Each structure stands twice: as C-alpha cells, then as structure tokens.
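Visitor: Sequence and predicted structure are below.
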Amino acid sequence: MSTPNDDQVGRTLSGALDRRADDVAGASISLDAVRGRARRIRNRRVALAGGAAAAVVLAVAAPFALTVAGTDERPAPPAVTDTPRPDGTDDPDDVTYGQDLEIDVLGAEPGDGPTVPYTVDGVLRLPGGGEYAVPGEVGISGVGAVVPLEDGWLAAVDPGTGGEYTLVRLDPDGTVVEDGLEPDGSFVTAQVARDAGTGDVAWVESDGTALEVVVADAAGEERWRTPVAPEPGGQALPIATPLTITDGEVVLEISDGAGVRVVRMAEDGTVTGLGEEMALGASPSGEAYASFTLREADISTCSSVVSTVDGAVVWGPTCDATLEAFSPDGTFVLAGPANGDGAGLLVSQVLDARTGEVVANLTTTEEQGMLSEAVWESPTSFVVAASQPVDGERRYGLLRIDLAAGTVEQTVDVLDFDPAFDTGGERYLPR
C-alpha cells in the first residue's frame with residue numbers, strides 16, 4: 001500500500017531518473033520499480049527504539065538493475081577516531097573488528113530460539129512461546145513495531161485498513177490485555193519508539209485532521225501529548241515518524257510537503273531542529289540517528305550518523321553504505337549497500353556507529369543468497385531473515401549473528417516454502 005512517504009520518495013527517485021535518462025546505458029527501469037525502492041527506503045526507517053527489540057523492517061521486492069555511466073566520485077571513507085562510547089566506557093573487548101562472516105541458511109548450526117518477536121504466516125510469535133494471531137486477512141494485515149511494555153508487549157497492528165495501525169497490548173503469552181490504546185476514531189503509525197533506560201514509549205496518533213505525539217510510561221500510562229504543527233507552506237496533515245527518545249524528548253522525522261526535517265519535541269511543544277534529511281534509524285539509547293540523502297548522479301544513497309543533541313554530524317557522509325539499525329547501546333549499526341535494489345544483501349555490514357569502522361562483513365555462501373530484515377537481540381548480537389536457493393527453490397530462515405563469538409546459528413526451523421506465495425502470509429520477519 002502506497003503512503004504519502006512512498007510517493008514523496010518515489011517522485012524524488014523518478015525525477016532523478018528522468019534527469020539522468022540520457023546517461024543510462026541499457027537500463028530498463030519502470031515506475032513500479034522506482035516506487036518499490038521508495039517503499040524499501042521508507043520501511044528501512046521503521047526504527048523500533050526498544051532496547052533489545054530495536055528493529056529495522058526491510059521490504060523485499062522483485063529485483064531490478066541499474067546500469068549507470070559516469071557516476072560521480074564518492075567521498076573517502078570516514079576516518080577512524082577515538083570517540084568514546086555513549087556510556088563513557090572503552091570498546092567492548094569481546095568484539096573483534098574486521099570479521100568476515102559467511103552466511104549459510106542450511107549449514108548454520110542450530111541454536112536457541114530468538115529472544116525478539118517475529119512474524120510468520122500471519123502469526124506474531126513472542127519470546128517464551130507466546131503467539132498472537134494478527135486480525136484481518138493474511139497478507140493484507142500486518143504488524144509494525146513490537147516493543148516491551150511492563151511485563152508484556154506493545155504492538156502496532158494493521159488489521160487490513162491500509163496503513164491505519166492500532167496499538168495492541170499483549171501479555172507474555174500473546175493474550176490481548178488492551179486493544180486500542182488510542183482514542184476511538186484515531187489511528188497510529190507503524191513506528192513506536194522506546195526509551196531503553198526508562199521504558200517510556202512514544203508514538204504518533206491521528207484522528208485524520210491533526211497529529212499528536214504521545215508519550216506513555218513503562219506501565220502504559222500516558223505521560224503527555226502535544227500536537228505536531230505543519231511548517232508554513234506544508235500540507236495540513238504532516239507525516240511524522242518517532243525515531244527515539246532522549247532526555248524525555250521525542251526525536252521525530254516530519255514530512256509535510258514543504259520538505260523533510262528531523263526534530264526533537266519536548267512535552268511543552270518546544271521543537272529543536274536537528275536536520276533536513278530523511279532518517280533511516282536511531283539509536284535506542286537516544287544519542288544519535290542515521291540520516292539519508294539521495295545522490296541523483298547514480299540513484300544511490302549517502303548516510304551520516306547525526307547527534308540528537310545539536311544535529312552535528314558524528315561521522316560521514318558515507319556513500320558506500322546505507323546505515324540502518326543501531327545496537328541497543330548505540331555502539332554498532334547495521335548497513336546495507338548504498339544502491340541496494342531489493343536483490344541480495346540488504347544487510348551486508350556491521351559498522352562502529354561512532355566512527356564508521358568495519359566490524360564485520362557479511363557474505364552468503366550462495367550467489368542468490370539474501371539477508372533482509374534484521375533486529376538486534378543484545379549489544380553484540382542480532383537476528384536476520386535470510387534465504388538462499390536450493391535446487392531451484394528458496395529456503396527461508398532466521399539466523400543469529402553473534403559478533404562477540406564470531407558465529408552464525410539457526411534460531412528457527414528452515415522453511416522449505418515461501419508463505420508469501422503459498423498462503424498469502426509472510427516469511428520470517430523479526431520485529
């Protein structure tokens with residue numbers, strides 16, 4: 001389902017393609033492909049700042065190729081500095097930098113089950129064995145953010161309304177405790193931010209005429225709400241995405257037709273501007289986010305890590321990678337190719353979020369192997385949805401990559417079919 005965010009990014013990409021048409025040699029790029037990439041870019045910005053439940057959801061679409069002549073020279077990689085970790089400690093001694101990890105869905109050793117929620121075939125599976133059947137038609141309904149709330153979970157659920165999510169509170173077994181935290185007639189966006197230190201959560205709520213940022217405490221009790229005002233010349237109903245919470249203020253990406261901006265919003269409505277670029281993800285610990293710009297020369301992207309304190313660039317830009325999900329303590333960040341088109345490794349590296357230094361390079365044993373959705377489980381490990389061809393058919397798994405141990409292991413049974421085609425459901429999607 002296309003959203004205003006999709007259309008805005010799609011128009012940007014389409015315009016860039018038009019301007020570069022004379023320079024493209026042998027490329028056949030449809031508008032649907034452009035929109036598909038716009039959706040992937042938008043979905044990469046689903047940053048679930050929920051401690052170990054921090055997630056980046058990546059949509060996997062049919063591959064298309066870009067062949068571009070005469071690309072611009074790219075900036076040099078960022079210099080490695082001795083920037084301290086956000087908590088003031090030294091680098092983790094148990095993580096070796098410069099690792100090369102090979103991913104084999106079938107060959108990975110079995111390990112413990114995932115400690116983060118994930119969906120498969122219309123069911124949200126929770127750590128500990130709980131399950132929640134997503135309402136609505138499988139393949140049309142969906143689950144956005146799932147973050148810890150008290151002793152259970154808070155899930156943004158679309159029952160098939162085309163992007164109008166509702167907040168559902170679940171107990172550890174998946175039983176609905178409260179269905180619809182938002183007022184009757186209102187809906188929320190798919191993203192929910194969570195303060196890893198206090199357990200506070202934040203979302204954006206709309207009644208169709210205005211937007212409000214809502215912050216609740218770790219027990220789900222509302223702390224405060226404040227309206228999101230459009231910029232002069234912008235559309236009356238902006239699109240706002242909560243990224244993270246820092247010092248009691250919510251970091252938002254706001255798009256209103258007049259442009260895109262990232263801001264910090266306080267309880268009294270005070271807004272502090274941080275940047276005028278799209279944001280792909282943010283640190284659950286609250287100190288930084290990843291910005292995103294499009295390079296029209298070759299339809300690729302550039303990313304930077306930006307401070308949520310004053311909008312200063314911590315490092316970057318890098319035009320060789322697209323920065324995505326931060327580890328719970330903000331030390332590491334996952335990255336994908338700058339010109340990813342939906343095929344192959346959408347998660348291809350782990351970088352030091354403070355310097356850009358390569359922590360791990362990820363490759364697959366099969367040429368057609370794919371790594372897509374990824375969620376951090378701990379400060380040094382994450383699970384990633386992976387697939388690879390076997391005898392002409394794809395196999396799907398959910399693998400744990402442990403940077404401290406330098407290992408890759410299976411966390412669930414490998415699927416020998418694609419539920420997205422066979423049942424209308426979904427592959428393994430970590431949340």
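Guide: Right, received. Where do you want to start?

Visitor: residue boundaries of the helices in the chain?
Guide: Under the criterion DSSP state H, helices of the chain are mapped to 4-19, 31-44, 419-422.

Visitor: Of the ones you listed, which shows the lowest average pLDDT?
Guide: Summarising mean pLDDT across these, the least confident stretch is helix 4-19, with a mean of 36.

Visitor: Dump stretch 96-103 to CSV, keeping only the CA atoms.
Guide: Once non-C-alpha atoms are left out, stretch 96-103 reads as follows in CSV (Å, rounded to 0.1, in the frame of the first residue of the first chain):
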residue,chain,number,x,y,z
THR,A,96,36.9,-8.4,17.0
TYR,A,97,36.8,-5.7,14.3
GLY,A,98,37.2,-6.6,10.6
GLN,A,99,35.5,-10.0,10.8
ASP,A,100,34.3,-11.8,7.6
LEU,A,101,31.2,-13.9,8.4
GLU,A,102,29.8,-16.3,5.8
ILE,A,103,26.0,-16.9,5.9
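
Visitor: Which residues does that stretch contact?
Guide: Surrounding stretch 96-103, the residues in contact under the criterion CB atoms under 8 Å, 6 or more residues apart in numbering are 352, 357-365, 369, 371, 386, 399, 401, 403, 406, 408. For every residue, glycine as well, the C-beta is placed using N, CA and C.

Visitor: what's the answer for stretch 231-240, then?
Guide: With contacts defined as CB under 8 Å, 6+ apart, stretch 231-240 is touched by 3-5, 189, 204, 206, 208-211, 213, 228, 230, 252-259, 261.

Visitor: How about the contacts made by residue 225?
Guide: For residue 225, the residues meeting the contact criterion (CB under 8 Å, 6+ apart) are 205, 212-215.

Visitor: where does this protein have its least confident helix or strand?
Guide: Least confident helix or strand, the chain: strand 55-56 with a mean of 28, by mean pLDDT, DSSP states H and E.

Visitor: ChimeraX command to pick out the buried ones of the contacts of stretch 96-103?
Guide: Buried members of the contacts of stretch 96-103, identified by 16 or more other CB atoms under 10 Å, are gathered into one ChimeraX selection as follows:
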select :352,357,358,359,360,362,364,369,371,386,399,401,403,408
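
Visitor: Among the contacts of stretch 96-103, name the ones in strands.
Guide: When strands are assigned by DSSP state E, the members of those inside them are 352, 358-364, 371, 386, 399, 401, 408.

Visitor: Give me the buried entries from the contacts of stretch 231-240.
Guide: Using 16+ other CB under 10 Å as the burial test, the contacts of stretch 231-240 include 3-5, 189, 204, 206, 211, 213, 228, 230, 252-257, 261 as buried.

Visitor: Any stretches of the stretch 1-150 of the chain with poor pLDDT?
Guide: Residue ranges of the stretch 1-150 of the chain with pLDDT under 70: 1-93, 138-141.

Visitor: Please disregard the earlier target; I meant the stretch 251-400 of the chain.
Guide: For the stretch 251-400 of the chain, the stretches with pLDDT under 70 are 295-300, 340-345.

Visitor: circling back: how about the ones in strands among the contacts of stretch 96-103 in JSON lines, adding distance to residue 108?
Guide: As requested, those are arranged in JSON lines below (distance: CB to CB, whole Å):
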{"residue": "352", "distance to residue 108": "25"}
{"residue": "358", "distance to residue 108": "22"}
{"residue": "359", "distance to residue 108": "20"}
{"residue": "360", "distance to residue 108": "15"}
{"residue": "361", "distance to residue 108": "17"}
{"residue": "362", "distance to residue 108": "13"}
{"residue": "363", "distance to residue 108": "14"}
{"residue": "364", "distance to residue 108": "11"}
{"residue": "371", "distance to residue 108": "12"}
{"residue": "386", "distance to residue 108": "9"}
{"residue": "399", "distance to residue 108": "6"}
{"residue": "401", "distance to residue 108": "10"}
{"residue": "408", "distance to residue 108": "5"}
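
Visitor: Going by neighbour count, list what's buried in stretch 226-243.
Guide: Along stretch 226-243, these residues count as buried under the neighbour rule (16+ other CB under 10 Å): 226, 228, 230, 234, 237-243.

Visitor: Wait, residue 187 touches residue 161, no?
Guide: Yes - judged on CB atoms under 8 Å, residue 187 makes contact with residue 161 at a distance of 7.5 Å.

Visitor: Look at those two and report which has more neighbours.
Guide: For residue 187 and residue 161, the more surrounded residue by other CB atoms under 10 Å is residue 187, and the numbers stand at 20 against 14.

Visitor: Is the more buried one bridged to anything, and to what?
Guide: The residues listed as beta-bridge partners of residue 187 by DSSP bridges are residue 206.

Visitor: same question, residue 381
Guide: With beta bridges defined as DSSP bridges, residue 381 has these partners: residue 378, residue 402.

Visitor: ok, now how distant is it from residue 349?
Guide: 16 Å (CB to CB, to the nearest Å).

Visitor: same deal with residue 304?
Guide: Distance of residue 304 to residue 349, computed by CB to CB: 16 Å.

Visitor: cool, and residue 116?
Guide: When CB to CB is the yardstick, residue 116 and residue 349 sit 21 Å from each other.

Visitor: When these two are compared, which one has more neighbours?
Guide: Each of residue 116 and residue 349 had its neighbours counted (other CB under 10 Å), and the higher figure belongs to residue 116 (26 against 20).
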